[in-house]
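1. Give me a 3D structure for the following:
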Amino acid sequence: MIHDKYGVGRTLAITLSGNFALCPPASEDGDVVVVFPGVAMPWLLRRQEARKYWYLMIGPVYVHGFMDGEAIDRFVAGKYTLQEFIID
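-> This next block holds a predicted model:
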C-alpha cells in the first residue's frame, strides 16, 4: 500500500492497458476502471457474479493518463466505447 498525502491506504496497480493506478483498499483483481461522463475521477467497479450487467461501485481510482481528459480523447479517437452499467 502507498502511504503519502495523496495515496493514503491506496494500492498500487497496473491496468491491463499498462496504466499505473492507485486503487481503493477493497480493490481486487478483475475489477473494472470506468470513466463516467461528467465525473472528475474514474471509478472502480466489480461485476456481480449473479447478474450479467450489474456492478458494485468500489470507489474512485487515480489512473495515470486518465485524469485530464485523456480517456475522453481516446474515446473520441475510437479506442474506447460506451457501455451501459447497472450499479448496485
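
2. Excluding chain neighbours, what is closest to Asn62?
-> Quick fix: residue 62 reads Tyr, not Asn. Spatially, and ignoring its direct neighbours in sequence, Tyr62 is nearest to Leu22 (4.2 Å; C-beta to C-beta, 6 or more residues apart in numbering). The C-beta positions use only the backbone N, C-alpha and C, and glycine is treated the same way.

3. Tell me how many other residues crowd the one you found.
-> In terms of burial, Leu22 registers 20 neighbours under the definition other C-beta atoms under 10 Å.

4. Give me the mean pLDDT for the helix or strand harbouring it.
-> With elements taken from DSSP states H and E, the one containing Leu22 is strand 20-23. Per-residue pLDDT values across strand 20-23 average out to 92.

5. who are the neighbours of the following helix or strand past it, in terms of helices and strands?
-> In the C-terminal direction, the helix or strand that comes right after strand 20-23 (DSSP H and E) is strand 32-34. Counting contacts by 3 or more C-beta pairs under 8 Å, 6 or more residues apart in numbering; DSSP states H and E, strand 32-34 packs against strand 43-47.

6. helices and strands around the next helix or strand after the strand it packs on, which ones?
-> For strand 43-47, the following helix or strand on the C-terminal side (DSSP H and E) is strand 54-60. Using 3+ C-beta pairs under 8 Å, 6+ apart as the contact definition, the elements that strand 54-60 packs against are strand 43-47, strand 86-87.

7. Which of the ones you listed has the lowest mean pLDDT?
-> Lowest mean pLDDT within these: strand 86-87, at a mean of 76.

8. now that strand, how far from the centre of its chain.
-> Averaging C-alpha positions (C-alpha atoms, centre = their mean, to the nearest Å) puts strand 86-87 15 Å from its chain's average.
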